[in-house]
Each structure stands twice: as structure tokens, then as C-alpha cells.
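Chemist: Quick one: sequence plus predicted model below, questions after.
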Amino acid sequence: MIVDVGIIAAKAFLVLFMVLNLAGVLGWIERKGSALIQDRIGANRASIFGFAGLGLVNTLIADPLKFLTKEDFIPPHGDKFLHTLAPCMAFFPALVTFAVIPFGDVLVLGDRAINLQVADLNFGILYIFAMSSLSVYGIVIGAWASNNKFSLLGGVRGSAQMISYEVAMGLSAIGVLMVYGTLDLQEIARGQGSLIRDLLPDSLGFLKTNIGQLPAWGIFLQPLAFLLFFVAAVAETKRIPFDLPEGESELVAGYHVEYSGGKFLMFFAGEFAEIVTAAGLMTTLFFGGWQVPYLMRDGFHFPWGESWLLPHLAVTALQVAAFTLKVLFFCWLQILLRWTVPRFRYDQVMRLGWKMLLPLALVNVIVTAIVIVAVNR
């Protein structure tokens, strides 16, 4: 019993360590990446004994110290308790959501099999949508507790936007759940370890011959769902081109205009933690999760008959490395998008969510159901 609790605690620590540190590194990548895109130098002034580390000291040491030592300002006519609670409610869901995302298959140590997932829930995707929906409360409460008209407008915008795109994101994920027949994210990842030919009947010999060698990843079986999910996930993080809750040119800084110091840092870090979580979800649902093409539990087994046997620890290391690289790619893609695409107008954001993403997600569910029924006959 004690060993089991220790294993769960170790996995939770590992995931929190990865998410929090990756969120901090993403802050540096965004600052230096935007500098490269805009032909600037970026953060480079702060240093320790002359070592600036390409701005790492500036972003990971100097800036956090500055935030944590600044005055904790609370508006005189605001609600002090809710003003303090709001950043916690925005930051906490972004961390606990990653608990059900698997970062590997099973690690066998002696006679003990360790599932590389903090919380092994057979309804993992529902847990994720439930937790992600809680972050809207942090924005709304923080905006209202600030007693500022610009904050309130940003909070109203944020709540409308997040609720709108959660609907499209949930519907886009339904197609994936229908294909793999489970709500368990670990089982979805395992289901993507087979080949497309294993899912097709013999009557579809043409497709089995031409695309059957591809891994049965969600991106190949649900390409439209991936595009819809990606757009909705970016909108959920409230970043450009969907940063209407902040809208500096219109609302000063939106829902967090009255926040400073450590509380603002929690909003800031929570945004990057949401990027990591969104990247983990896209990886798990559409890009095989921890799967490496043709890698089984005992090594590589290629469709043309060749096999490379590997020790179990090497296979597990490759799985964790593959998951990490995929997550890093989608984090980088979201940062690149943030500094490439201009901001939408608010009416455009609402129109995109309700009149384009939602109908397309419904069409994708219907078409997926028809194809599944036709293939299984």
C-alpha cells in the first residue's frame, strides 16, 4: 500500500515538474521566438556573473523574482477574497488536467507494472473537459472582483468565448471516441499502436494496399476532427488570434488589468500550462500519444517483415521521448501561431465558433458514424 502511494506521488511530482518547468521555458521560447520573428534581440539584459544564457536568466530568474517581490495591489473597492482566489482557480485546472494524460505505456520493474499515467480513469476525456471548464471561473471571478469596467468586459468576453469553443472541442473529440470505442486516454493511445489495415475489412483491399501501412493515428482517421480540435484548443488558451478577453488595444489588459505581482504571474503561468495541456491532448488523441510507429512492447516490428528487438527499458524510454517531442512540437506550433496571425474581431470569433466549427463538428460525428457502420457490416 505504501509503495503504491509512493509510486502515484512520484508520477504526480514528475508530471507537475514537467508541466511547470515547461511552462517557464515556453515563456523564454516565446520571448526569443517573437524576437526572431520580428527581427529583434529579445530578453538579454539580466545576467549572473556575466552569464545571460541567451535570456534564460532574464526569463526564468529575474522576471519571477520581480513578480514575486512587487506590491500585491488589490483595488480599494474590489472584493479582496475573490480577487485572491481567482488566479488560483485559473491556474489549478491547467495543472490537474494533465493527470489523466498518459506519457508512456507500462513500466515493468520486477513483478510490478507501473502505468505511466498519474490517474488511471476510464472516463479520462470527460475528466479533462470537466476540469478545463473550471478555468472560466477564475477569469470571471477575477474580472468581477476587480471592480473595473475593463476587467468586467474582458471577463464577459472570456466566459462567452471559452464556453463557445468548449462545445466545438467536445464534439470534435467525439469522432475519436467513436473510432477507438473508449473514453480512456490510455486505451486511445494503445489503440493507435496498430496499423490502418488492421481496422479495414478485406472488401476494402484497395485502401488496405495503399494506406494500410500507416499507423492508426487519429490524424489519419479523423483529419477534420483534428483541425477543429486544434482551433478550439487554441481558442481555449485565450491567446492570439483569440485573445479577446485581454484585447490590449480595447480593454487595457482585460480581465487581469488590476492584477500585479505573484497573482499576475499565476495567470501568466496558467496560460502556458494550458498550452502544455492542449499539446498533450492533441498528441494523445490524434498523434499516437506515446506511440512510435511500428514499435511494440518488445521492439520494432516493421510491416515488411523485419524486426528489431529491444530491452523493455529502451522501449519505455523511446515511448516517453516520443510523447515529449510531440508535445514540444505542438507547444512550439501554438507559440508560432501566436506571433503570426493577427487578432480576430469579437464577432468573428463568435461566428467562427458557432457557425463554422460547431456545424463541421456535427457533420464529422455523423459521417464517422456512417463510416463505422458501413465498415463493420
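Modeler: Arrived safely.

Chemist: CA only for contacts and neighbour counts going forward, please
Modeler: OK.

Chemist: my read is Phe103 is in a strand, agree?
Modeler: No. Secondary structure of Phe103 (DSSP: H, G, I helix; E, B strand; the rest coil): coil, not part of a strand.

Chemist: can you give me the helices for the stretch 201-350 of the chain?
Modeler: 205-210, 218-221, 223-236, 248-251, 261-286, 312-338, 346-351 (DSSP state H, counting those that start in this stretch).

Chemist: Would you point to the one among the ones you listed that's packed deepest?
Modeler: Of all the helices of the stretch 201-350 of the chain, helix 261-286 carries the top mean neighbour count, a mean of 24, counting by mean count of other C-alpha atoms under 10 Å.

Chemist: quick one, that one and helix 223-236 angle?
Modeler: 180 degrees (axes from the mean of the first three to the mean of the last three C-alpha atoms, to 10 degrees).

Chemist: what does the average pLDDT come to for helix 261-286?
Modeler: Mean per-residue pLDDT for helix 261-286: 88.

Chemist: Quick one: neighbours of Leu126, just the number.
Modeler: 14 (other C-alpha atoms under 10 Å).

Chemist: ok, now Leu121?
Modeler: Leu121 has 17 neighbouring residues, counting by other C-alpha under 10 Å.

Chemist: What of Asp79?
Modeler: Neighbour count for Asp79, taken as other C-alpha under 10 Å: 16.

Chemist: any idea how far Tyr255 is from the nearest residue to it once chain neighbours are set aside?
Modeler: Nearest residue to Asp79 in three dimensions, chain neighbours excluded: Ala145, at 4.9 Å (C-alpha to C-alpha, 6 or more residues apart in numbering). Separation of Ala145 from Tyr255 (C-alpha to C-alpha, to the nearest Å): 10 Å.

Chemist: and what of His301?
Modeler: Note on His301: its distance to Tyr255, by C-alpha to C-alpha, is 52 Å.

Chemist: and what of Thr316?
Modeler: Where Tyr255 is concerned, Thr316 sits at a distance of 43 Å (C-alpha to C-alpha).

Chemist: repeat for Glu236
Modeler: 15 Å.

Chemist: so where's the stretch 1-150 of the chain uncertain?
Modeler: Applying pLDDT under 70 to the stretch 1-150 of the chain flags residues 1.

Chemist: residues touching Gly27, list them.
Modeler: For Gly27, the contact set (C-alpha atoms under 8 Å, 6 or more residues apart in numbering) comprises 59, 272.

Chemist: hey, where'd the strands end up in the stretch 101-250 of the chain?
Modeler: With DSSP state E, counting those that start in this stretch as the criterion, the stretch 101-250 of the chain has strands at 106-109, 112-115.

Chemist: In CSV, list the ones you listed along with mean neighbour count.
Modeler: Listed next are the strands of the stretch 101-250 of the chain as CSV, based on neighbours: other C-alpha atoms under 10 Å:
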stretch, mean neighbour count
strand 106-109, 14
strand 112-115, 14
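
Chemist: circling back to that earlier point, more neighbours: Ala145 and Tyr255, which one.
Modeler: Tyr255 (31 against 25).

Chemist: on that earlier part again, for Gly288, which of the strands of the stretch 101-250 of the chain is the nearest?
Modeler: Among the strands of the stretch 101-250 of the chain, strand 106-109 comes nearest to Gly288, with 15.3 Å by C-alpha to C-alpha.
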